[in-house]
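1. Build me a model from this:
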Amino acid sequence: WTEAYALHAAQYHEIVTVSPNGRETLPKDHQQRAIVIPAGIPRCKSVLETRASILRVQWNIPDGKRVLMFLGRIGRDKDPQFFVDVVHELPDEWVGVMVGPMIDAVVTESWTSPRILRVGQFPRSGDAMQLADVLLNPAPSEGGPLVLLEAWGARKPMFMRHTGWAVEHPKAIFLIAAEDTPKTIAHRVVEVAGSLSEAKTVAILDTGFDIFSNHFSLAVVARRWAEKLTQWLDEREHKAQKVELPLDFNYNPSSCYDETILKGKCLGVYEAKPYEDGSIPRWNFGVHLTGLVDLLPNKFSGFKLTVDYGVEHAKHPFPGTIQVRRLSSVISDNHTIIYDPISSRAYFQRATIFASDTRVVDTHRPTASHKKKSFSLSVELVEGTIICIQSVTVSVLEPHLRPCKPIIKDRPPPPLIQN
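-> I've put the predicted structure just below:
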C-alpha cells in the first residue's frame, strides 16, 4: 500500500506520516522533508458502551478466567501463532481472546483449543480492552501500533517487541526479546498480572499513561495538526499589504455613519424599530479594495483578508457580518460578528476571511475602472451597532496543486486498501 503514496511523493507540498516507520516507506530523498504526527486516540475510548460482564457472556469467556488479549488485525505479519503458543503455556485459569479481523489464513490445529477464543472484528476497542488482564502483540515489525496507544490510555500492560513506538518509549512496555520463547513470556505474563498493584508495575503503567496524555491523546494531536496547517497556510502567503486606513466606506447617511478615530474607522448604525414582519433592520457598509487586483498573480487560489475590529456597542448578540464580494457575488466565507457586552474599544477580535477565487485573473481582463471595483469588503450591521476597524491585511495565496501524475509511467498505481 505504501507504493501508491511513494509514486506521488514528489507532487506533494508536505508529507505527514503517523510514525517513524511510516516515514521510512517513502523514497529516501523525500524522507527528510516528511514530518511525523501520530494518530490521535480520543479519550472517548474510555466511555464504555458495553459492560465487561455482558461481553464475557457474549464471547463465551468462562467466569473466573483471566484474559490474555490479542487486539488488532490477524495476519501473518502480526505473528499470531506466537500468541497462541503463549496461551498454551499459561496456567489453566487463563484464556486467549483474539479480537480483530482475519486477514490471512493462519489458523492451525492449535487454534481449535477451547482456550483460544476468536471474536472477529469488533468496532469498540475500549470496550474490548476492559476484559484484558494483559495484552500481547508479537508482531516483529510495527508502525505504532495503535493498540499500544490505546493500552497506554487504558493503563493496561502491553507485551510487544522492540519495534514501532516501543523503540522510543522502551520503559512503557513489557519487552518481548529476540531470545524469548512462548514459555518464558507466559511466565512473565503471570508475574505481571499478579503485580498490577506493585510499585514497579504501576510505574510502567504510569509512564505509558503519561506518554499517551502528552503525545498521543486526540487533543494533543489535533493541536499539532492545527499548528502545522496554520504554519503551511502562512508560508503560502507570498505577498501581504496593509490596506491603508481610513477606508472609504459607502453607506446610507440617513441610517448610518462612519467616524475616523485615531488610526481606526468606526462604523455605526442608528437605532431603529423592527420592520412590520418583525425582522431587524440592517445596513451595509462597502469599501472597494483598491489595488488588490494589482497584488494578485496571474493565477491564484484565493486571498486571505484579516480584519482587526472591536465592538463598541451593540443591542443584539449577533450584530452583523463581514465578507468579501466580487462585484455582486459573495466569494468568501461569512464571518459572524459576536458581541461580548463586557468588551470595549480596547478589546479587539480578529476576523480571518478566506476568499476563494479559482478563475485566472488574466482571462478576466477587466477595464481600468472596472478593475478597481472588482473586489470589495462588505460589513453588514444591524441597528444599534457600533464597531471600530483597526486594520485590514490582504495576503495572496499560491495556486492549488495541479492534479498528481504518477512518477512511473505506463504503470497504474495499486488500489488503496479500504478501511
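2. can you tell me which helix or strand V324 belongs to?
-> strand 320-326 (DSSP states H and E).
3. can you check K273 too?
-> Here K273 is assigned to no helix or strand, by DSSP H and E.
4. and if you look at the one 10 residues further on?
-> When secondary structure is defined by DSSP H and E, W283 falls within strand 282-288.
5. And that strand, what's buried?
-> Residues of strand 282-288 classed as buried: R282, W283, N284, F285, V287, H288 (neighbour count, 16 or more other CB atoms under 10 Å). Where you see a C-beta, it was placed from the backbone N, CA and C, and this is true even at glycine.
6. got it, and stretch 267-285?
-> L267, G268, V269, P281, R282, W283, N284, F285.
7. and what of stretch 312-329?
-> E312, A314, P319, G320, T321, I322, Q323, V324, R325, R326.
8. Compile these into TSV and extend it with columns for pLDDT and distance to F70.
-> Converted to TSV, the buried residues of stretch 312-329 look like this (pLDDT from 0 to 100; distance: CB to CB, whole Å):
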residue	pLDDT	distance to F70
E312	84	63
A314	86	60
P319	87	58
G320	87	58
T321	87	55
I322	86	55
Q323	83	54
V324	80	55
R325	78	59
R326	74	58
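9. hang on, the earlier thing: which other helices and strands contact the strand holding W283?
-> strand 256-261, strand 264-269, strand 375-382 (3 or more CB pairs under 8 Å, 6 or more residues apart in numbering; DSSP states H and E).
10. Touching stretch 254-268 from outside, list them.
-> 245-247, 249, 251, 269-270, 272, 281, 283, 285, 312, 379, 381, 385-390 (CB atoms under 8 Å, 6 or more residues apart in numbering).
11. measure I261 to G384 for me?
-> I261 sits 19 Å away from G384, going by CB to CB, to the nearest Å.
12. other SSEs contacting the helix or strand harbouring V167?
-> Using DSSP H and E, V167 maps to helix 165-168. On a contact count with 3+ CB pairs under 8 Å, 6+ apart, helix 165-168 meets helix 146-154.
13. any idea which helix or strand comes after the helix it packs on?
-> strand 158-160.
14. Quickly run through the sheet partners of that following strand, with directions.
-> strand 134-137 (parallel), strand 174-175 (parallel) (DSSP bridges).
15. returning to that earlier point: turn the helices and strands packed on strand 282-288 into JSON lines, including mean pLDDT.
-> Shown next, in JSON lines, are these (pLDDT from 0 to 100):
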{"stretch": "strand 256-261", "mean pLDDT": "85"}
{"stretch": "strand 264-269", "mean pLDDT": "88"}
{"stretch": "strand 375-382", "mean pLDDT": "86"}
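16. for the stretch 101-250 of the chain, which spans come out with low pLDDT?
-> For the stretch 101-250 of the chain, the stretches with pLDDT under 70 are 236-246.
17. re earlier: buried stuff in the helix holding V167?
-> For helix 165-168, by 16+ other CB under 10 Å, it's W165, A166.
18. Using PDB, write out every CA atom in it.
-> Extracted C-alpha coordinates of helix 165-168, given in PDB (Å, rounded to 0.1, in the frame of the first residue of the first chain):
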ATOM      1  CA  TRP A 165       6.800   3.400  19.400                       C
ATOM      2  CA  ALA A 166       8.400   0.900  21.700                       C
ATOM      3  CA  VAL A 167      11.800   1.900  20.300                       C
ATOM      4  CA  GLU A 168      11.300   5.500  21.500                       C
END
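19. which residues are contacting that helix?
-> S19, P20, P38, E142, G144, P145, L148, L149, M160, A172, I173, L175.
20. and L233, which of the helices and strands packed on strand 282-288 is closest to it?
-> For L233, the closest of those is strand 375-382, at 19.9 Å, according to CB to CB.
21. what sits up against the closest one?
-> 247, 249, 256, 267-269, 280-289, 292-293, 305, 307, 314-316, 318-326, 330, 337, 355, 387, 389, 392.
22. Turn the buried residues of stretch 267-285 into JSON lines, columns for distance to G96.
-> Shown next, in JSON lines, are the buried residues of stretch 267-285 (distance: CB to CB, whole Å):
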{"residue": "L267", "distance to G96": "71"}
{"residue": "G268", "distance to G96": "73"}
{"residue": "V269", "distance to G96": "72"}
{"residue": "P281", "distance to G96": "72"}
{"residue": "R282", "distance to G96": "68"}
{"residue": "W283", "distance to G96": "72"}
{"residue": "N284", "distance to G96": "70"}
{"residue": "F285", "distance to G96": "70"}
